[in-house]
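[1] Sharing a sequence plus its predicted fold:
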Amino acid sequence: MNVSSRSPWPGFLKASPVLMLACALLIGCRKDEESAPIQEWVVQVGTQKVSQAVFEADWLKRQSQQERPIASADVVGGFVTDWQAYLAAGPMGLMEDPELQQALRRVVAGKVREKLSQSLSKPGPDAPIEAVEIEAAYRTQAQRWQRPPAWNIAWLVASVSPKAEPARRAAVRARLEGYRRDIQASADPKTTFAILCSNHSDDTATRYLRGELGWLLREQLTGRMGEAVAEEAVSLSATNRLSSVIESPTRMVLLMYLGYRPIQMRPLDEVIPQIRSEIVKRREEDSKLALAQELNRRVPVLTNQAVLGRLTAPAPLQTTPPAPSPMPRP
């Protein structure tokens, strides 16, 4: 009997390269699966498996609200209850509730704004304000930090009724003219003026302050004295310190010049709080604008003006205050 020298597995030999490639692919896939991190879960609520990371985050939040350590077993109860209620909301139809949807939109919208704000190039309102930025605002807006001119004036006031007889008004004027001569003849006019104010001025606010009104701007002088008297006050100077007797329907006054303060730059330290506040406000506005532009880029908006134009504002709710409680009977 002749024994054939042909191999009994010709098909196998031909297919072996393909099988070897398939095995290699299967082994490689198995290695990839083994190398991928396994998402371990801690508890399964319904069909939802809660991962270890989610559970630990909730555990950490709960622990931050307690002084004593919380065991994991104690956390499971409250954690599971929350998830059960959350997953039950869908079958109960609560996820379609308008108030719940509005609340969810607000929460999600807040997170989206927070996330986008972090990616914007403009500094947020909470970012530190550098001294260089404050100094730049101070230099570039120099006119804003200028103090307007002010006058330091003292006055001696004699009240007179608008209905007073001419003789009465003449007597009041003569008395002030006498005071004026005494001041001019004095070796120390300012001290003499102060003494006369303390003894004779009818302005109770300044009588015991030597008649001094303090540093006032032009408009403040007008508001305090009236236009005519204020005009006389700003015309006084170091060489012409005492005014003439100024008469108005309700009073007669003598003015004394005590000082003039020209336009001055307010020091930087004095305006830093205002500059900081303005920088924060500007950053808030810039951040809102940048965020709105980014949202418009991501999600276009189209308004139906035809429908919007037909809408009317809802009437405000008319609330009736509760009736007062009856008075107790005696």
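    Arrived safely. Numbers count the residues shown, from 1 in each chain.
[2] what about the residue nearest the centre of the chain, which helix or strand?
    Computing the C-alpha centroid of the chain and ranking residues by Cα atoms, centre = their mean puts Lys281 first, at 6.3 Å. In this assignment (DSSP states H and E), Lys281 forms part of helix 268-298.
[3] Now that helix: buried residues?
    For helix 268-298, a neighbour-count test (16 or more other Cβ atoms under 10 Å) marks 271-272, 275, 279, 283, 287, 290-291 as buried. Just so you know, the C-beta spots here come from the backbone N, C-alpha and C atoms, and that holds for glycine as well.
[4] Packing partners of that helix?
    Of the remaining helices and strands, those touching helix 268-298 by 3 or more Cβ pairs under 8 Å, 6 or more residues apart in numbering; DSSP states H and E are helix 98-119, helix 131-140.
[5] Helix 131-140 and that one, what's the angle between them?
    100 degrees (axes from the mean of the first three to the mean of the last three Cα atoms, to 10 degrees).
[6] what angle sits between helix 268-298 and helix 98-119?
    With the same axes, to 10 degrees defining the directions, helix 268-298 sits at 120 degrees from helix 98-119.
[7] per-residue confidence averaged over helix 268-298?
    Average pLDDT, helix 268-298: 91.
[8] And stretch 230-240, by the same measure?
    92.
[9] One more: stretch 58-75?
    On average, stretch 58-75 scores 85.
[10] Pull the distance from it to the chain's centre.
    Relative to its chain's centre, stretch 58-75 lies at 36 Å (Cα atoms, centre = their mean, to the nearest Å).
[11] start to end distance for it?
    This stretch, stretch 58-75, spans 9 Å end to end (Cα to Cα, to the nearest Å).
[12] For that stretch, give me every contacting residue.
    55, 78-79 (Cβ atoms under 8 Å, 6 or more residues apart in numbering).
[13] what does stretch 211-226 give?
    By Cβ under 8 Å, 6+ apart, the surrounding residues in contact with stretch 211-226 are 148-156, 193-194, 197, 201, 203, 206, 230, 233-234, 248, 253, 256, 258-259, 261.
[14] possible to save the helices and strands packed on helix 268-298 as TSV with distance to Ser243?
    Formatted as TSV, the helices and strands packed on helix 268-298 follow (distance: least, Cβ to Cβ, whole Å):
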stretch	distance to Ser243
helix 98-119	62
helix 131-140	39
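[15] Leu308 is nearest to which of those?
    Among the helices and strands packed on helix 268-298, helix 98-119 comes nearest to Leu308, with 19.9 Å by Cβ to Cβ.
[16] wait, which of the contacts of stretch 58-75 is closest to Ala131?
    Set against Ala131, the nearest of the contacts of stretch 58-75 by Cβ to Cβ is Phe55 (46.5 Å).
[17] tell me which element that closest one is part of?
    Following DSSP H and E, one finds Phe55 within helix 52-64.
[18] ok, and for that helix, which residues are buried?
    Within helix 52-64, the residues that count as buried by 16+ other Cβ under 10 Å are 55, 58-59.
[19] Equivalent analysis for stretch 141-148, please.
    Applying 16+ other Cβ under 10 Å to stretch 141-148 flags Trp145 as buried.
[20] Show me what the mean pLDDT comes to for that stretch.
    The average pLDDT within stretch 141-148 is 90.
[21] Now do the end-to-end distance for that stretch.
    Using Cα to Cα, one end of stretch 141-148 lies 15 Å from the other.
[22] measure Ala99 to Val75 for me?
    Let me fix one detail, which is that residue 99 is Glu and not Ala. According to Cβ to Cβ, to the nearest Å, Glu99 stands 29 Å off from Val75.
[23] residue boundaries of the helices in this protein?
    10-35, 52-64, 72-92, 98-119, 131-140, 166-185, 189-200, 218-225, 227-234, 268-298, 305-310 (DSSP state H).
[24] which one of those lies closest to Gln44?
    Per Cβ to Cβ, nearest to Gln44 of the helices of the chain: helix 72-92, 9.6 Å.
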